[in-house]
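Engineer: after the sequence you'll find the predicted model.
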Amino acid sequence: AQSVTQLDSQVPVFEEAPVELRCNYSSSVSVYLFWYVQYPNQGLQLLLKYLSGSTLVKGINGFEAEFNKSQTSFHLRKPSVHISDTAEYFCAVSNTGNTGKLIFGQGTTLQVKP
Amino acid sequence: DAGVIQSPRHEVTEMGQEVTLRCKPISGHDYLFWYRQTMMRGLELLIYFNNNVPIDDSGMPEDRFSAKMPNASFSTLKIQPSEPRDSAVYFCASSLVAGDPPGGYFGPGTRLTVL
């Protein structure tokens, strides 16, 4: 079985500051890892995904994440946030045998302040 | 493309009533997923279909919940009878192949309130 832990429920940050949203996972098998963003009253949008290869993954809107197998982590980063990045962010995992079924973390609310 | 369409966007009902949520996937997509989002449990996959056939329904909470996909362009999630603890946002998602993108392209969701 897999599980995902997002270590911060809320992250307040000032505009143009860097941000890191933390995600740790647990799995007995190889996994794929994902970050999704949910803007208010909307569905989820895929930000980026790690399937294999380079452990540094770049996504949309200037976000990137680094897969660290030894730490079982997949933290999301952005060097300079904008007000428009205010949203809820979800880390998710699936086993490599079935990428249709995702296990989500509880979510982290990113609040960007002017 | 119109994206995944869900209806209604909001539903308020009383305990014991039947509720039907509807989803139209993106045309040509072979996979359809139903998720539920609550404050307590976060995002959970309820069930998913491939070519209209249910593949994994292990996330369906209990017999009060049922999902159907009579054709490639329509799916329903039914709750009968509904209970206050069913209050949540229900998302439908679709994808062309499993994993592209993983978990599918999401619809806007249906916010269900059971009084």
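Structural biologist: Cool, the structure landed.
Engineer: who in chain B is up against chain A?
Structural biologist: Taking CB under 8 Å from any CB of the partner chain, the part of chain B that reaches chain A is made up of B:4, B:31, B:33, B:42-45, B:48, B:50, B:55-56, B:91, B:93, B:95, B:98-99, B:101-104, B:106-109. For glycine as for every other residue, the C-beta is placed from the backbone atoms N, C-alpha and C.
Engineer: I figured B:N51 hits B:H29, correct?
Structural biologist: No. The pair B:N51 / B:H29 is not scored as a contact, 10.3 Å apart, by CB atoms under 8 Å.
Engineer: the more surrounded of these two?
Structural biologist: When neighbours are counted by other CB atoms under 10 Å in any protein chain shown, B:H29 comes out ahead of the other of B:N51 and B:H29, with 18 against 10.
Engineer: where in chain B is pLDDT low?
Structural biologist: Counting by pLDDT under 70, chain B contains low-confidence ranges at B:1.
Engineer: so where does residue 47 fall, helix or strand?
Structural biologist: With no chain named, the answer covers chain A. strand A:44-50 (DSSP states H and E).
Engineer: should've been chain B
Structural biologist: Under DSSP H and E, the secondary-structure element containing B:I47 is strand B:42-50.
Engineer: what number of residues lie near B:S95?
Structural biologist: Using other CB under 10 Å as the criterion, B:S95 is surrounded by 24 other residues.
Engineer: specify the beta-bridge partners of the nearest residue to B:S7 once chain neighbours are set aside.
Structural biologist: Once flanking residues are discounted, B:S7 sits nearest to B:R22: 4.8 Å by CB to CB, 6 or more residues apart in numbering or on different chains. In this structure, B:R22 bridges to B:S7, B:T76 when assessed by DSSP bridges.
Engineer: please enumerate the strands of chain A.
Structural biologist: Counting by DSSP state E, chain A forms strands over residues A:3-6, A:10-14, A:19-21, A:23-26, A:31-38, A:44-50, A:56-58, A:64-68, A:73-78, A:87-95, A:103-104, A:108-113, given from the N-terminal end onward.
Engineer: using CSV, lay out the ones you listed together with mean neighbour count.
Structural biologist: Formatted as CSV, the entries for the strands of chain A read as follows, by neighbours: other CB atoms under 10 Å in any protein chain shown:
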stretch, mean neighbour count
strand A:3-6, 18
strand A:10-14, 13
strand A:19-21, 19
strand A:23-26, 19
strand A:31-38, 24
strand A:44-50, 21
strand A:56-58, 14
strand A:64-68, 18
strand A:73-78, 21
strand A:87-95, 23
strand A:103-104, 22
strand A:108-113, 17
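Engineer: send the alpha carbons of the helix or strand B:A67 falls within over as PDB?
Structural biologist: B:A67 is part of strand B:65-71 when elements are defined by DSSP H and E. Coordinates of the C-alpha atoms in strand B:65-71 are reproduced here as PDB (Å, rounded to 0.1, in the frame of the first residue of the first chain):
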ATOM      1  CA  PHE B  65     -23.100   4.300  -3.900                       C
ATOM      2  CA  SER B  66     -23.300   3.000  -7.400                       C
ATOM      3  CA  ALA B  67     -21.700   4.200 -10.700                       C
ATOM      4  CA  LYS B  68     -22.600   3.400 -14.300                       C
ATOM      5  CA  MET B  69     -21.200   4.200 -17.700                       C
ATOM      6  CA  PRO B  70     -23.800   3.200 -20.200                       C
ATOM      7  CA  ASN B  71     -21.800   4.600 -23.100                       C
END
